[in-house]
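Novice: Pasted the sequence and its predicted model underneath.
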Amino acid sequence: MPHHRNKERLSAGDALFLYLEREGMPLNVASVSVFEGEISESACRAFIDLKLPLIRRYRQRVVPPPFNLGLPAWEYDPNFDIKNHVREIQLQNGTDGDLQKVAGQILSQLLDRRRPLWDFTLVRGLKGNRTGVVTRMHHCLADGLAGVSLMNVLMDHKAEVEAHASRKAKVAPLVRSAAPHLLDEVLASSVATAERVLSAQLELCNLVEAVLDFRTHNGHANKTPTARSIEAGAIPPFNELTKFMPELTAATQPLPFNIICRGKQNFRWAEIPLAEIKAVKNAFGVTVNDVALSIVAAAIQHYVELREVRVKGRYLRIVMPVNVRGNGSAKELGNRITFVPITLPLDIHGTKKLLTAIHERTMFLKRVHIAECVGLAGTMLGTIPTGVQEVIGPIVSQVPLGLCNLIFTNVPGPDSPLYLLGHRMLCCYPYVPIGGDLGLNCAMLTYCGKAYFGFSGNAQAVPNLGRLPTFLRGAFEEIRKSVEMNVTTGTQKAAQRKFQPANPAPKPGVTLSESDVRKPVQFVSPRTTTDQNENQPLVGRV
């Protein structure tokens, strides 16, 4: 059997994150969490070491192929030492601002390619008897959804600390011949390229079939699409095409934070009760994702106006990663995502109007299968030889491509509390990397009844990043109050329509009978929509 079949290789998409990374632009998926109590470094290190057999990637490093032929491979690190991956930092003052500062410093650094691409930093000394944790893993190892899956493996779902049996990972011996297996790598590269070409052809066929197949709605493939097929998502109506296609195909207009990222990064965050977001979602008949997008867009709008940018006639393009795993499974590591671009007029003032505009556009993008189109384009890029990608990747990351203004990713986290060595995780702020000319990005993670937002920004591109969480909370407060006003107004109108006195005053010359006396009215709270599929406006989310 050829040797290359014994190796577990990165996918073309995973390898691309390695090739694009450069000094000053680390491409890591990360989070900053806060736990109750003080967690000791030695106990944490021993605990995670016992969990490693459950995550073999945490003991494997990335090894490039000889002469950059073919894709990099995962190999067990023969010099693995848990001390290189679990560390601690002691804060001087112990404030949340200090935690944000330390997190920015850690997130600005590259992971060591000679070792497995992850680390776990305890931040001790937080006021209120708390411990911070900064978790990083390279984007080639996992996307956001897979990262949450790994978090569920590393941590416990109950406060009781179980006695874990000592387990040692079975490490495959590292066998290398005196000469590189050049022929083997050439064969592996040829096979991988052929697989990517065939995959692109299959995706193209599936996309054409999805766009043209109306039989499930009409019963016959050759009939003209009906209104029912349009509403069901088979084809968008003509007025939507003329309204949204021009802004979808327009060039991205750069904003002040769309500059090439170099150097230090900052990280700031905010949180909003998930129940309040769902209340807004139910009131307007949209999705949780629509509400989150609307308040992020409103925060960006306020921020660019602060930077004295005229918003009239300008567009904001936000790209959302979308999960393409089967049945939404997060157990598969690596990156299984495509991207959806949402283009909004920046001069829409009012979060309520922004919410309506976003919902209309997300539904349109679903009907035109934009996620599948972008996924096909990504697969086609994957057919470029890996040697070429490795050479041009760092160059491309320093060119202002202008593909979008920022990335917003929405990751569903666990609904129940997680524990580390019996210490409850109080909050978890997600981090999405910045890079290229994307000097500002945002992520949202839902955990235990709250939505946690993390803003990552280049220090030069976004000098006042701390204003964005304030703008975000203000935008949500605006739309939340509008919901309260709508409910109050609706209740008052219902009362005026339904309420009549139990004993109305008789008109002159009229005698009331017993049957004319009405019973008091019972008021019913306004109806709300269900939460089914609330977080999946497109084909999934990451």
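Specialist: Structure's in. What do you need?

Novice: Which residue ranges of the stretch 401-542 of the chain form strands?
Specialist: If DSSP state E, counting those that start in this stretch is used as the criterion, the strands of the stretch 401-542 of the chain fall at 406-412, 419-420, 423-431, 440-447, 450-458.

Novice: same deal with the stretch 1-150 of the chain?
Specialist: With DSSP E, counting those that start in this stretch, the ranges of strands along the stretch 1-150 of the chain come out as 8-9, 28-36, 60-63, 73-76, 86-90, 118-126, 130-138.

Novice: tell me what the first one is packed against?
Specialist: In terms of contact count using 3 or more CB pairs under 8 Å, 6 or more residues apart in numbering; DSSP states H and E, strand 8-9 is assigned the packing partners strand 73-76. C-beta coordinates here come from the backbone N, C-alpha and C atoms, glycine included.

Novice: ok, and for the strand it packs on, which residues are buried?
Specialist: By neighbour count on 16 or more other CB atoms under 10 Å, the buried set for strand 73-76 is A73, W74, E75, Y76.

Novice: Can you read off the pLDDT for A142?
Specialist: For A142, the pLDDT comes out at 78.

Novice: I348 is nearest to which of the strands of the stretch 401-542 of the chain?
Specialist: strand 406-412 (16.7 Å; CB to CB).

Novice: Now do that closest one: everything it contacts.
Specialist: With CB atoms under 8 Å, 6 or more residues apart in numbering as the test, strand 406-412 has contacts from 144-145, 147-148, 257, 288-289, 292-293, 296, 300, 318-321, 430, 432, 438, 440-446, 535, 541-542.

Novice: Include distance to A279 when you put the strands of the stretch 1-150 of the chain into TSV, please.
Specialist: Formatted as TSV, the strands of the stretch 1-150 of the chain follow (distance: least, CB to CB, whole Å):
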stretch	distance to A279
strand 8-9	46
strand 28-36	26
strand 60-63	45
strand 73-76	45
strand 86-90	39
strand 118-126	32
strand 130-138	29
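
Novice: who wins for proximity to V280 among these?
Specialist: Closest to V280 of these, according to CB to CB: strand 28-36, at 25.2 Å.

Novice: helices or strands up against that closest one?
Specialist: Short answer (3+ CB pairs under 8 Å, 6+ apart): strand 28-36 packs on helix 96-107, strand 130-138, helix 144-154, strand 423-431.

Novice: Now with 6 Å, please.
Specialist: Applying 3 or more CB pairs under 6 Å, 6 or more residues apart in numbering; DSSP states H and E, we find strand 28-36 packed against strand 130-138, strand 423-431.

Novice: Take those and lay them out in a markdown table including mean neighbour count, distance to L344 and mean pLDDT.
Specialist: Formatted as a markdown table, the helices and strands packed on strand 28-36 follow (neighbours: other CB atoms under 10 Å; distance: least, CB to CB, whole Å; pLDDT from 0 to 100):
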| stretch | mean neighbour count | distance to L344 | mean pLDDT |
| --- | --- | --- | --- |
| strand 130-138 | 23 | 31 | 95 |
| strand 423-431 | 22 | 22 | 96 |
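
Novice: Quick one: closest of those strands to I342.
Specialist: I342 sits nearest to strand 423-431 of all these, at 19.2 Å, using CB to CB.

Novice: Tell me which strands that closest one pairs with, and in which orientation.
Specialist: When pairs are called by DSSP bridges, strand 423-431 turns out to pair with strand 28-36 (antiparallel), strand 419-420 (antiparallel).

Novice: Touching that strand from outside, list them.
Specialist: For strand 423-431, contacts defined as CB atoms under 6 Å, 6 or more residues apart in numbering pick out 30-37, 39, 269, 411, 417-418, 443, 445, 447, 452, 454, 456.

Novice: Quick one: buried ones out of these?
Specialist: The neighbour count (16+ other CB under 10 Å) marks 30-36, 39, 269, 411, 417-418, 443, 445, 447, 452, 454, 456 as buried among the contacts of strand 423-431.

Novice: follow-up on the earlier one: how about the buried residues of strand 73-76 in a markdown table, adding distance to K158?
Specialist: What follows is the buried residues of strand 73-76, written out as a markdown table (distance: CB to CB, whole Å):
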| residue | distance to K158 |
| --- | --- |
| A73 | 38 |
| W74 | 32 |
| E75 | 36 |
| Y76 | 32 |
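
Novice: Could you single out the nearest of the residues you listed to F47?
Specialist: Of all the buried residues of strand 73-76, F47 sits closest to Y76, with 21.2 Å by CB to CB.

Novice: The closest residue to G435 other than its chain neighbours pairs with what?
Specialist: Distances taken as CB to CB, 6 or more residues apart in numbering place M25 nearest to G435, at 4.5 Å, with adjacent residues excluded. M25 has these beta-bridge partners by DSSP bridges: R22.
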